[in-house]
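Student: Coordinates for the following, if possible.
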Amino acid sequence: MQTLVERLRAASAATWTAEYAAGRAAGRKWAEESATLAQFARLEAFFEGRPRFIDWRGVFGGENPAVFLASRLEASGYGASNETARAFFVAQGVVNSLDRSPDFFAGFAEAAISVWRSVKDRI
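Tutor: Purely as a prediction, here's the structure:
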């Protein structure tokens, strides 16, 4: 039984690492190439407004993390649809966004906010 638990933990960690890394790469690319001041401001406000005990993985652990994040970046509130989210992420080169894990979106958001914080004082 212990071998099974260890094998499943390792598989989970590998998936988290791969999804998170892919999300960080996509988030950095979006931040450096496409993000607007308004999108950065919304992302930062969202980041600052979340409860401190919740990390990004917890934030995106709900039903549809692609819709959740796209709605915050595009200021569409809670009314975003799957098509809105898909269109937003396809424009960023993420073609399978609705199938991505919460870890992907945690990585995306963390990388984007990191880029923003590294440049915002120079604007």
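Student: what sits against Leu98?
Tutor: 64, 66, 82, 85-86 (C-beta atoms under 8 Å, 6 or more residues apart in numbering). The C-beta positions use only the backbone N, C-alpha and C, and glycine is treated the same way.
Student: Keep only those of the residues you listed that are in helices.
Tutor: Among the contacts of Leu98, the members falling in helices (DSSP state H) are 66, 82, 85-86.
Student: For my notes, please list the contacts of Leu98 in JSON lines and give neighbour count for each entry.
Tutor: Formatted as JSON lines, the contacts of Leu98 follow (neighbours: other C-beta atoms under 10 Å):
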{"residue": "Asn64", "neighbour count": "18"}
{"residue": "Ala66", "neighbour count": "25"}
{"residue": "Asn82", "neighbour count": "13"}
{"residue": "Ala85", "neighbour count": "24"}
{"residue": "Arg86", "neighbour count": "18"}
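Student: Grab the most central residue of the chain for me.
Tutor: The centre of the chain sits closest to Phe105, judged by C-alpha atoms, centre = their mean, with a distance of 2.3 Å.
Student: sorry, back to before: which among the ones in helices among the contacts of Leu98 gets closest to Glu110?
Tutor: Glu110 lies nearest to Ala66 out of these, by C-beta to C-beta, at 16.0 Å.
Student: Isn't the closest one up against Glu83?
Tutor: No: at 10.9 Å, Ala66 and Glu83 do not qualify as touching, with contact defined as C-beta atoms under 8 Å.
Student: What's the separation between Ser101 and Met1?
Tutor: 26 Å (C-beta to C-beta, to the nearest Å).
Student: same deal with Val90?
Tutor: Look at Val90 and Met1: by C-beta to C-beta, they are 43 Å apart.
Student: out of those two, which sits in the busier spot?
Tutor: Remark: of Val90 and Met1, Val90 carries more neighbours, 12 against 5, as counted by other C-beta atoms under 10 Å.
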